[in-house]
Structures are given as structure tokens and as C-alpha cells.
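Engineer: Take this sequence and fold it.
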Amino acid sequence: MANSVFLPNYTIGTDAYDAIGAICHTFGTKVAVIGGQTALEKSIDKIKASLAKTDFILTDVQVYGDDATYEHVERLQATPTVQEADFIFAVGGGRAVDTVKTLAERMAKPVFTFPTIASNCAPNTAVSVMYKATGEMDGLFFLNAPPKHCFIDTEIIAEAPSVYLWAGIADAISKEYESAFSSRGKTLAYTDALGVQVAQNSADRLMAYGKDALDSCTENKTSFALEQVALDILMTTALTSVLVDNDYNSNAAHSFYYGSTVVEGCESHLHGEIVCYGVLLLLTMDGQIEARNRLYDFMRRVDLSVSLEQIGVKNEEEVERILDKALTTVDIACSPYPITKELYKQAIADLEAYHQTQS
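Structural biologist: Residues are numbered from 1 along each chain as shown. Just a heads-up that it's a prediction; the model follows:
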């Protein structure tokens, strides 16, 4: 059976949107722009200025909703101005982009992404993380291919609250560790091996440039460090995600995050923040203590959460609920050894003990 691989593409820079006409012209003339409320406020003038230089017709500018739910997808799918469009621009952060990606896939329309924050790799992946109206994870929606192109305006990224870049760094760090762990001991086909290899050393780059990139974002200035970090967050992780079998795409760190969605105290913490705590658990569980301690030190330097208390988990009953949910996810199905509740609990206990020695 034939195997087709579609890789994400990008344009990056303060003038990235100037490339819209040259890149999108083969896909039609009518475009609907859908995204987050704040994201649209920050980007729509630049998008319209670029569209004004083309013969494209803007059919609608619409807020996607408030979360990546199928209810929002169905509402948008029934909107005449969206139906009229030849292609769609997805603008904003992960949940806005995932909603529009799912919408575009269901409507068989090309989708282009415009990340206004660098918080995760959603703008370039062929999967959407969907949620229930309660905020609990609802599952994964798989696309046939990633978005056609990603337009990364570094000025908009730099002007966004630095907390999103902070969470993006944390989320991106997981890709190297989880893909290597999931694929360990397996005989990998070319594409899988390439995907795992793409992520190697990305954690070191993120830790090397992370603090400077965050400082740039705090000052609302573009910089070399900011661009490097944005590319690792938005592109490196996405390339791995697109290339590898989904079995090798994530593991115990993401499972822990999905588990945390059932605990109210975790709701105020961003995806990447909890995922990165989950990486500490994975490295502890796997006996990679030197790597764990190096990551722990970096996380402390940039104020990422390194304990249960810091991510909003208050007691043992909440830990049980998180782990019960985590163990139902597909992320841990492909591991070099079975991931059990007991392994999670021991890793949590060991990490908490180490944290106490560092406090």
C-alpha cells in the first residue's frame, strides 16, 4: 500500500504575511478568516493589508468560539460565508487552530495557519486535540495532511504575552524525550526514524535559547533567540509529529497532562507547563536522572512548575484521578515497558523528594 508523506511548510519573519499572495494563489480566490478573538485583533490588519495586494475576496472574519469542541466545528461548518470560501485561514493559538483544522478537514477545504503565539505545534500538525464543553479532553482528530502553509509573524509572536512562549518552550521540550522513549527498541521504518531524529537536540536548543527568547518576548522585541525558539516550538515538533507513526509522537508526559484535565486546580495552568512537569516524571521513571536534573534546573530558571503543588494538585485523591485518566490514553500504549500507575506514583514520589532537597 502506498505511503504518502506531507510535510509542513512555513514562512517566518516580521513580513511573513507578505507571502500570502504568492503561496495561496493556486487554491482559489475566496478566503474565510477564523480565529481567536484576541488573535484576530492582533493580526487582522496585517492579513487584510496583504490580501489587498491580491485578487482574493474575504468572505468572513469570525471568532472560532472558546474551545476546540466539535460543537464549534459544526456551527462554523453550517455558516454560509465559510461554505462559500475556497480556503480558510486559521488564526491564533492551539485550540483555535485545531478547531479550524478540523473544520477544514471535514469541509475538504485547504487551510493555512497564522500562529499569533508560539505555544505549541498545532499550526503545523495533522492532528487536532479536541475537548468536551467541560474542558476534559475528548480525543484526537486526525487530518489527511498538515495545513498547506504556516505564516509566522515574529513581531506578533514577540508582542504576545510571554507566558505563551513560556508554555510553548515547555511543551516543545517534551518532543525529543517522548519520541525517543516511545520508539526505543523498535525497528523503525525510514519515515519514523527520520521523525525521531529531527527532534534530537531540540531540548538542548530550547534550554540554550529559552531564557533569552523569553526576555525578548517580555520586552516585545524580535531576536535571533526568539526566532530559533519559535521554530523549534512550531516546526521541529510538528515535523516529528507528521513524520512518525502516532505511537511514537508522545508518551507519559502528555498522558499525565490529559489526566490533569479532570482536576479543577489544573485548569489555570497551560498545557505546556503541565506537559513539562510530565517530562520530569518520565525521565525520573526511566532512570534518566542526569537529564532530569538538567531539565529541572532549567525549569526553575524560567519559573516552570516542578512540583504537584505548583501545577495545582492538592491531594492524593486528585493524583489518583489524574492517573486513572492518564492510563486510558493511547499515548502510553507504545513504550519500551508497560507504564503503570505504580510507576507513575513512584516517579511522583521520587520527584517530590528531589524537589524538597532543592527548595
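Engineer: Next SSE downstream of the lengthiest helix in the chain?
Structural biologist: Counting residues, the longest helix found in the chain (DSSP state H) is helix 162-183. Going down the chain from helix 162-183, the next helix or strand is helix 190-199, by DSSP states H and E.
Engineer: can you dump the C-alpha coordinates of the following helix or strand past that next one into CSV?
Structural biologist: Once helix 190-199 ends, the next helix or strand along the chain (criterion: DSSP H and E) is helix 202-218. The C-alpha coordinates for helix 202-218 follow below in CSV (Å, rounded to 0.1, in the frame of the first residue of the first chain):
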residue,chain,number,x,y,z
SER,A,202,15.8,20.2,20.3
ALA,A,203,15.6,20.2,24.1
ASP,A,204,19.2,21.4,24.4
ARG,A,205,18.5,24.2,21.9
LEU,A,206,15.3,25.2,23.8
MET,A,207,17.2,25.3,27.1
ALA,A,208,20.1,27.2,25.5
TYR,A,209,17.9,29.9,23.8
GLY,A,210,14.9,29.8,26.1
LYS,A,211,15.7,32.4,28.7
ASP,A,212,16.9,35.0,26.1
ALA,A,213,13.8,34.3,23.9
LEU,A,214,11.6,34.9,26.9
ASP,A,215,13.4,38.1,27.8
SER,A,216,12.9,39.3,24.2
CYS,A,217,9.2,38.5,24.4
THR,A,218,8.9,40.3,27.7
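Engineer: After helix 202-218, which helix or strand is next?
Structural biologist: helix 224-231.
Engineer: Just give the number of residues close to Asp204.
Structural biologist: A count of nearby residues for Asp204, using other CB atoms under 10 Å, gives 13. (Each C-beta comes from the backbone N, C-alpha and C, glycine too.)
Engineer: Leaving out the residues flanking it, which one is nearest to Ala133?
Structural biologist: In space, and not counting its chain neighbours, Ala133 is closest to Thr69: 5.9 Å by CB to CB, 6 or more residues apart in numbering.
Engineer: thinking again about what came up before, now the longest helix of the chain and helix 190-199, what's the angle there?
Structural biologist: When axes from the mean of the first three to the mean of the last three CA atoms, to 10 degrees is applied, the directions of helix 162-183 and helix 190-199 differ by 140 degrees.
Engineer: what is the mean pLDDT for helix 162-183?
Structural biologist: Averaging pLDDT along helix 162-183 yields 96.
Engineer: circling back to that earlier point, and for the residue nearest to Ala133, the neighbour number?
Structural biologist: Using other CB under 10 Å, Thr69 has 21 other residues around it.
Engineer: I'd guessed it sits against Tyr131; true?
Structural biologist: Yes. Counting by CB atoms under 8 Å, Thr69 touches Tyr131, with 5.8 Å between them.
Engineer: list residues touching both of those two?
Structural biologist: Asp138 (CB atoms under 8 Å, 6 or more residues apart in numbering).
Engineer: From Lys48, how far off is the residue nearest to Leu351 when sequence neighbours are not counted?
Structural biologist: Excluding its sequence neighbours, the residue lying closest to Leu351 (CB to CB, 6+ apart) is Thr284, at 5.0 Å. Distance, Thr284 to Lys48, using CB to CB, to the nearest Å: 49 Å.
Engineer: What backbone torsions are found at Phe141?
Structural biologist: In terms of degrees, to the nearest 10, the main-chain angles of Phe141 are phi -110, psi 120.
Engineer: And the pLDDT at it?
Structural biologist: 95.
Engineer: before we move on, what about Val5?
Structural biologist: 93.
Engineer: helix/strand/coil for Leu304?
Structural biologist: Here Leu304 is coil, with the state taken from DSSP: H, G, I helix; E, B strand; the rest coil.
Engineer: Go ahead and confirm it touches Gly278.
Structural biologist: No. Leu304 is beyond contact range of Gly278, at 11.6 Å (criterion: CB under 8 Å).
Engineer: more neighbours, the two?
Structural biologist: Gly278 (30 against 24).
Engineer: quick one, what contacts the more buried one?
Structural biologist: Ser174, Ala252, Ala253, His254, Ser255, Phe256, Tyr257.
Engineer: Please name the nearest non-neighbouring residue to the fourth one.
Structural biologist: Nearest in space to His254, with sequence neighbours left out and distances taken as CB to CB, 6+ apart, is Asp331 at 4.9 Å.
Engineer: same check, this time on Lys132
Structural biologist: Nearest residue to Lys132, sequence neighbours excluded (CB to CB, 6+ apart): Asp138, at 4.7 Å.
Engineer: cool, Ile322 as well?
Structural biologist: Gly259 (3.9 Å).
Engineer: Give the other helices and strands that the helix or strand hosting the one you found contacts.
Structural biologist: Here Gly259, judged by DSSP H and E, is contained in helix 252-260. Helix 252-260 is packed against helix 162-183, helix 271-285, helix 316-326, with contacts defined by 3 or more CB pairs under 8 Å, 6 or more residues apart in numbering; DSSP states H and E.
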